[in-house]
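Trainee: okay, here's the prediction I keep looking at, along with the sequence it came from:
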Amino acid sequence: MAKLGTAGIRISSGYRGPKLNAAVGGSRTSAHCHGYAFDLVPLNGRMIEFKSFCREFMNDRSFDQLISEGENGNAVPRWMHIGYKSPRGEQRRQLLTMRQGKYFPMTK
């Protein structure tokens, strides 16, 4: 985190019960509902650098999904989602981008 020039990160979402998950528009199969996922934002707001950091950090680790969520036209995410495992226990190592509610392979 030091190379990002930030004191840390904020967990903006972790475990979500079914009612909260529905209220925020989460998927019925969301790993958040099982405590297997969390959403992060850097305290300094530097999302492009944080996205790169997350990709590098997760490169040699087991995980299910790394999702750059709510990206704008310049590939700047609103937050980064890290799913440790799916509700079925999978660790698929998916790198995804979510734009306008649709998922795509993460390219940068």
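Mentor: Thanks, I have the structure now. Computed from a prediction, not measured in an experiment: that's the story for all the values here.
Trainee: all strands for the protein, in order.
Mentor: Along the chain, counting by DSSP state E, strands occupy 9-13, 37-42, 65-69, 79-83, 94-99, 102-105.
Trainee: any stretches of the protein with poor pLDDT?
Mentor: 1-7 (pLDDT under 70).
Trainee: give me the residues contacting the longest helix belonging to the chain.
Mentor: Secondary structure assigned by DSSP state H gives helix 47-58 as the longest helix of the chain. Residues from elsewhere that reach helix 47-58 (C-beta atoms under 8 Å, 6 or more residues apart in numbering): 1, 3-4, 9, 40-42, 66, 68, 75-78, 80, 82, 95, 106. No exception for glycine: its C-beta is placed from N, CA and C like everyone else's.
Trainee: now the buried members of those.
Mentor: With neighbours counted using 16 or more other C-beta atoms under 10 Å, those contain these buried positions: 4, 9, 40-42, 66, 68, 77, 80, 82, 95, 106.
Trainee: in JSON lines, list these along with distance to residue 24.
Mentor: Compiled in JSON lines, those are given as follows (distance: C-beta to C-beta, whole Å):
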{"residue": "4", "distance to residue 24": "27"}
{"residue": "9", "distance to residue 24": "20"}
{"residue": "40", "distance to residue 24": "16"}
{"residue": "41", "distance to residue 24": "15"}
{"residue": "42", "distance to residue 24": "21"}
{"residue": "66", "distance to residue 24": "20"}
{"residue": "68", "distance to residue 24": "18"}
{"residue": "77", "distance to residue 24": "17"}
{"residue": "80", "distance to residue 24": "16"}
{"residue": "82", "distance to residue 24": "17"}
{"residue": "95", "distance to residue 24": "23"}
{"residue": "106", "distance to residue 24": "22"}
